[in-house]
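coords below, sequence missing:
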C-alpha cells in the first residue's frame, strides 16, 4: 500500500499539473449501459445476481462510464482523470500482474478542439508519468486508425476482414510475424500476397522520415482516410517535438489496439528495460499505458447523437506496482516505511502511563505523528526495537527523574544519543529535529 | 446505434451462413454459424430494443462531479492525516468477498447484501462493511497485532434515501486496532481519533457517547430481563436515539413480551448520562453491581474515562446508558459520535449538522470466527 500511495501521488500530480478535474462513478452500472461496447470481451463482464431490482454489472473499464457521465450531464467539454478499480472475469495470472480486480488510471479530454493538440498532450502526460516513476527506459508507440485501415485497403484486404486482420496485427507485440501471417492466411482466409504486403508495412517505425515515406506512397495515399490519418500524424509528431517528447515517441505501423471504439490516433507505452533481471524480480518490460481517440462513444449514449469527441490514455498501474514492489523487495524493503510515525513516546519505569498519555496528547495537538505502546509498563527495549524496525526517527522518554526536573529525554533512534529537554521546549525542539531529518533524507 | 465493426461482423457472418447454405454444408455447421449470427445481432438489438439510451446510474448510487470530488478529497485528507498521526498503516481488500466469508456475520441485515451472479465460478458477494474483510485479512495472514485504516466503498441493498445521505454504495472510513494489549488504552485512542477528526472537519458541536456491552447486559440482568431476550431488548434500546422512551417501552412490553416492571427499571437507567459522577453513582448501585458483568463493564468504563481525560477529550465524551449499537459482534466498549448543531439553523435545503457521524466499539470474537483455532 505504501508503494501504491507513492505511485498514485506521482500520477495525480501529473494529471493536476495539466489541469484535470476528477470525477467518480459507481462500481456497477446498469447492465444495458455496458452491453455492446466491448465486442468479444463482453463475456468477461461480471454480472450481479438478479435480486429483483435493476440488472447490474461491475464496470469493465472507466471509459464507458465516462462516456455515460458526459452524455448524462450533457457535458460539451471536460478534462478529467479517474483512478479506480475495474473488474474482468479473465484467466488471472497473478505473477504477471493480471488480476480480475485491478486499478486503472485514466486521463481523458472530451470536446471539439483543433486537431491533435489534446492528443499530443496525452502523449506528454504519459511521458511525464513514466519518467517520474523511474521505471527505466520506455517508448511511446503511436499509430492511427485511419492509417491502419488505409493500409489494409491499399494491400487488398477485403473490408469485412479489416477488424479481424487488425486484431491479428495487434498480436505482433507478443508474436513473431511468421506466426501472425500464418493466422491471417490459414486462420482468417487472407490471400498470401495480401498478407505479404501487410508484412512490408508493419515492420516500419520511425518519425518524420517514415511519415515522408508514407506520404509519397501512392497506394496508401490513394485512400482518402489514410491521407487524413497521415495529416493527423504529421501534426502529432510536430506537437510532440514542441512538447519535448519526440525522442521517446515511435510512429509504429505494427501498433493496432484491441478495442473497436478507436477512431483516430492510438498510443501504447512500453517499458524497454533489461529483460534479464535477477531471479524472481519482475522485469521492467512490457506495456504500461495505452489509449487513443474515440469520437463516437459519447454519441452512442446520447439520444440526439450529440457528438462529443474524446481522446485519452489509461496507465496500467498494476504492472507498475509489480515492478516497484519486486524492486523494493530486492533492496531488502529499505526506503519504504509503512507507518509515518515521527515520535514514539516511551518509558522504562513503572507507572508512567499517565505521563506518556499526556505527552502523546501534547504532540498530537501539535500535529506530530506520535505513537505509544498499549502497555501500562512496557519494556524500554521493546520500544527501541519498534522504533528501529518501523523507522521512527525519534523517541521521547518519560522518566521519574526527568519529570521531577520538569522535562523529558529525546532519543535519536539512529545515533542513540539522548538529551534532556524541558516540557515547554519539547514541541519546538522536536519540530526542529524532524525538519532536519527530512532534509537529510532528501539529500 | 452500433459500432460499424459489429455491423460489419454481422454482415460478414451473414455471408458465411448464406455460403454454407448455398454449399449445402452439414446441418450442424449451419446451426453453429447461425447461432453466432444471432449472438452478434443480440449485441445490437439490446442497444435498440431497450428502447431508450440508458443514461442513469443504478438506483441508490451516484457519480461525483468535480466539485464534490474536491470536497471529498479535502475530507479524506483530514481523516487520513489523523489516522497517520496515530501510526496506522493502510490496507485494501477486494470489492467482493467469497459469499461464505460474509455469511452469518450481519444478523438480519444479511438480506441487504448484493450477490454476484453465478457465472460458473466461486460464489461472490459485494462487501457490506470493512470490518469483516479486516477480520478475514487478519485471520488469513495470522496477524497478531495491527493498527490499520481503510477508506473505501461498501454496498447495501437498502431502501435508498438520497436526500438523507442513505445510498446503496457509500464510503466508510475505518480505523481499527487488533491485538492483545493492556485494557482500554487502544479503546481510548479511538475516542481521541474521533475527537481529532470531528474537530478538524469543523462540523460544529459534537458529543461522543460511550457505553459498554457488558454493562448493558448486566443492566438487563439486574432489571430482570430473561437472558434469551437480551439482544431483542437491546435493539429496542438502540431505537432511543430516534424514538421517545414511551414508544420504546411500549415495544418492549407489547411486542417483545417484557414485564412492565422490568421495562420500568430499564427506563430508570437509560435516561442517565454523565461522566465520572455517573460512574460513581453506578458503582455504588447495589442492584447493578450484584451482577458480575456490570462490574466488569464499570471497571472498563472507569479506565476509559480516566484515559479520555489524559487524552484531553473528556469534555466531549458522554457516558450514556441509552447507547446500544445494532451489531451483534460488539463485546466491550461501544461508541457513537453525534453532531449536536442547531437543526433549526442553516438555510432551506442545507443539510443540518446534526445526527450520528461515527460509531464503533470493541469486537473481540470476530477474528476467531475465521480462525479454526479461534
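Alright, I've got the coordinates. Owing to the predicted nature of the structure, the values given are computational and were not obtained by experimental measurement.

and the closest residue to chain A within the stretch 101-250 of chain B, which of the three is it?
Nearest residue of the stretch 101-250 of chain B to chain A: residue B:181, at 3.5 Å (C-beta to the nearest C-beta). Glycine gets a C-beta too; all of them are placed from N, C-alpha and C. Applying DSSP: H, G, I helix; E, B strand; the rest coil to residue B:181 yields a three-state assignment of coil.

ditto for residue A:292
strand.

residue A:131 versus that one, what's the distance?
Distance, residue A:292 to residue A:131, by C-beta to C-beta, to the nearest Å: 21 Å.

contacts only, for residue B:332.
Neighbouring residues of residue B:332 by C-beta atoms under 8 Å, 6 or more residues apart in numbering or on different chains: B:187, B:212, B:213, B:214, B:300, B:361, B:362, B:363, B:364.

ok, which pair from those residues is furthest apart?
The span of the contacts of residue B:332, defined through C-beta to C-beta, is set by B:300 and B:363 at 14.3 Å.

count the neighbours of residue 15 for me.
Because you didn't say which chain, this covers chain A. A total of 23 residues lie near residue A:15 under the criterion other C-beta atoms under 10 Å in any protein chain shown.

not quite, I wanted chain B
11.

how about it, nearest residue that isn't a chain neighbour?
residue A:160 (7.2 Å; C-beta to C-beta, 6 or more residues apart in numbering or on different chains).

ok, the one you found - contacts?
Residue A:160 is in contact with B:8, B:11, B:12, B:15, counting by C-beta under 8 Å, 6+ apart.

what about the helices in chain B?
B:4-22, B:27-49, B:66-85, B:99-102, B:131-140, B:185-200, B:213-223, B:230-237, B:245-250, B:260-270, B:276-283, B:286-289, B:292-310, B:366-370 (DSSP state H).

name the stretch among these that sits most buried.
helix B:213-223 (a mean of 23; mean count of other C-beta atoms under 10 Å in any protein chain shown).

residues in contact with that one: which ones?
Residues contacting helix B:213-223 (C-beta under 8 Å, 6+ apart): B:227, B:229-230, B:233-234, B:237, B:262, B:265-266, B:269, B:282, B:287-288, B:290-298, B:300-301, B:321, B:324, B:330-334, B:361-362.

now do that helix against helix B:292-310, angle only.
Counting by axes from the mean of the first three to the mean of the last three C-alpha atoms, to 10 degrees, helix B:213-223 lies at 140 degrees to helix B:292-310.

residue A:432: neighbour count?
11.

which residues of the stretch 251-400 of chain A lie near chain B?
By C-beta under 8 Å from any C-beta of the partner chain, the residues of the stretch 251-400 of chain A that approach chain B are A:260-261, A:296, A:299-303, A:305, A:338-341, A:353-354, A:357-358, A:360-361, A:364-365, A:367-371, A:374-376.

if you set the cut-off to 7 Å instead, what comes out?
A:260-261, A:300-303, A:338-341, A:354, A:357-358, A:361, A:364, A:367, A:369-371, A:374-376 (C-beta under 7 Å from any C-beta of the partner chain).

those residues in strands, which ones?
A:370, A:371 (DSSP state E).

gap between residue B:356 and residue B:272?
Residue B:356 is 20 Å from residue B:272, by C-beta to C-beta.

was I right about residue A:85 contacting residue A:101?
Yes. Using C-beta atoms under 7 Å, residue A:85 makes contact with residue A:101 at a distance of 5.5 Å.

low-confidence ranges, the chain, go.
Picked chain A for this. A:95-97, A:259, A:274-284, A:305, A:333-334, A:440-443 (pLDDT under 70).

let me rephrase: I mean chain B.
In chain B, residues with pLDDT under 70: B:1-5, B:7, B:42-54, B:327, B:342-352, B:372-374.

would you mind measuring from the closest residue to residue B:103 other than its chain neighbours to residue A:173?
Of all residues not flanking residue B:103 in the chain, residue B:110 sits nearest, at 7.4 Å (C-beta to C-beta, 6+ apart). Note on residue B:110: its distance to residue A:173, by C-beta to C-beta, is 47 Å.

between residue A:292 and residue A:131, which one's more packed in?
residue A:292 (26 against 14).

count the neighbours of the closest residue to that one other than its chain neighbours for me.
In space, and not counting its chain neighbours, residue A:292 is closest to residue A:266: 3.6 Å by C-beta to C-beta, 6+ apart. Using other C-beta under 10 Å, the number of residues around residue A:266 comes to 23.

with the one 5 residues further on instead?
Other residues lying near residue A:271 total 22 when counted by other C-beta under 10 Å.

give me the phi and psi for it.
phi -80, psi 140 (degrees, to the nearest 10).

any idea how far it is from chain B?
Look at residue A:271 and chain B: by C-beta to the nearest C-beta, to the nearest Å, they are 25 Å apart.

what about the helices in the stretch 301-443 of chain A?
A:317-330, A:353-365, A:380-390, A:400-405, A:423-442 (DSSP state H, counting those that start in this stretch).

turn the ones you listed into JSON lines, including distance to residue B:23.
Converted to JSON lines, these look like this (distance: least, C-beta to C-beta, whole Å):
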{"stretch": "helix A:317-330", "distance to residue B:23": "47"}
{"stretch": "helix A:353-365", "distance to residue B:23": "82"}
{"stretch": "helix A:380-390", "distance to residue B:23": "74"}
{"stretch": "helix A:400-405", "distance to residue B:23": "98"}
{"stretch": "helix A:423-442", "distance to residue B:23": "75"}
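
those: which one's closest to residue A:39?
helix A:317-330 (22.5 Å).

next, count neighbours for residue A:126.
27.

mind listing what's buried along the helix or strand that contains it?
Element membership for residue A:126, per DSSP states H and E: helix A:117-132. Using 16 or more other C-beta atoms under 10 Å in any protein chain shown as the test for burial, helix A:117-132 gives A:118-130.

do the same with stretch B:171-180
B:173, B:174, B:175, B:176, B:177, B:178.

so how far is that stretch from its chain's centroid?
Taking the mean of its C-alpha atoms, stretch B:171-180 sits 12 Å from the chain's own mean (C-alpha atoms, centre = their mean, to the nearest Å).

repeat for stretch A:404-418
Computed by C-alpha atoms, centre = their mean, the chain-centroid distance of stretch A:404-418 equals 44 Å.

so who does residue A:25 touch?
Contacts for residue A:25 were tallied using C-beta atoms under 7 Å, 6 or more residues apart in numbering or on different chains; they are A:65, A:69, B:63.
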